[in-house]
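S.K.: build me a model:
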Amino acid sequence: MNYPIRNIRLRRRSATEKRKRKPIPKIIIPSFFTLMNLFCGFISIILVSEGNLIFGAWLIVFAAMFDGMDGFMARLTNSSSEFGIELDSISDVVSFGVAPAFLLYTFVMHEMAIIGIILTSLIPVCGAIRLARFNVQTKEIRYDIYQGLPIPVQAVMMAAFFLTFHKRLEFFEPLNQGIISVLIPTLLILSFLMVSTIPFDKMPKFDRESFQTNRSRFILFFIYFVVILLFQDIGLILVFTFYIAKGLVFGLRVFWQTGRFQQQP
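M.R.: The predicted structure follows:
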């Protein structure tokens with residue numbers, strides 16, 4: 001009987017096949033969240049084009065959540081890579097550049113014809129410039145702050161602006177041009193902040209050492225989360241308005257002391 005020999009051969013073959021099987025690359029995990037970010041941005045554009053502006057705006061917010069998760073998962077799995085950085089930037093241009101610009105143009109900026117097109121195009125243009133600058137400066141920048149306003153913050157701010165005020169248009173009636181007179185300065189300021197070098201807070205890493213050295217920042221970001229959870233669209237505007245104001249105050253203080261907005265590492 002040769003059954004034992006046959007079983008040994010089968011076991012050896014099985015062991016050899018297992019050795020040949022390559023493990024799933026860890027980069028797939030953060031890349032999945034990055035692609036979900038891109039998917040949300042794409043679907044947002046489709047929904048807005050079909051007249052469903054509210055769901056389109058919320059999908060921009062969901063895209064920002066996935067964008068935050070991909071960075072967290074990359075650090076958690078130690079799978080950061082140049083591929084991931086480039087894929088993230090491409091996704092961000094769609095979800096946080098093109099999608100919010102198209103939302104605002106469809107909402108009200110189309111009333112200004114070519115001027116509306118030019119103004120809303122500042123969002124993807126300035127966002128792309130900021131992302132390109134980030135990519136070429138990855139090895140030189142500080143990792144505790146953002147240099148310039150992050151493009152997801154701008155996008156969520158614009159989406160929250162729409163979600164909050166599209167049902168309160170009568171509030172803007174006393175103004176000469178209604179909501180446009182508020183939207184244009186907001187759009188211009190956010191576009192400028194993206195390409196500026198003003199420092200803005202970055203969420204610290206989730207580990208014991210980081211918590212001990214950045215306890216106040218963890219508490220502040222937790223307060224942000226609670227406010228957004230309680231007040232939703234209005235909470236988003238309140239949180240990001242405070243976040244931007246805090247960055248401006250800090251940047252002006254650094255500029256006053258050093259003559260530049262960006263502190264050296």
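S.K.: spatially central residue for this protein, please.
M.R.: P152 (2.8 Å; Cα atoms, centre = their mean).
S.K.: host element of that residue?
M.R.: For P152, the host element (DSSP states H and E) is helix 151-165.
S.K.: for the record, mean pLDDT for that helix?
M.R.: For helix 151-165, mean pLDDT is 90.
S.K.: over to stretch 244-262?
M.R.: The model assigns stretch 244-262 a mean pLDDT of 74.
S.K.: now stretch 98-116
M.R.: For stretch 98-116, the mean confidence score works out to 93.
S.K.: tell me the buried residues in it?
M.R.: Buried residues in stretch 98-116, counting neighbours by 16 or more other Cβ atoms under 10 Å, are found at 98-109, 112, 116. (C-beta placed from N, C-alpha, C; glycine too.)
S.K.: turn those residues into a markdown table, columns for distance to T77.
M.R.: A markdown table is the format used below for the buried residues of stretch 98-116 (distance: Cβ to Cβ, whole Å):
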| residue | distance to T77 |
| --- | --- |
| V98 | 29 |
| A99 | 28 |
| P100 | 30 |
| A101 | 33 |
| F102 | 33 |
| L103 | 33 |
| L104 | 36 |
| Y105 | 38 |
| T106 | 38 |
| F107 | 39 |
| V108 | 42 |
| M109 | 41 |
| M112 | 46 |
| G116 | 43 |
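S.K.: quick one, the longest helix anywhere in the chain and helix 151-165 angle?
M.R.: The helix that spans the most residues within the chain, counting by DSSP state H, is helix 215-258. Interaxial angle, helix 215-258 versus helix 151-165 (axes from the mean of the first three to the mean of the last three Cα atoms, to 10 degrees): 110 degrees.
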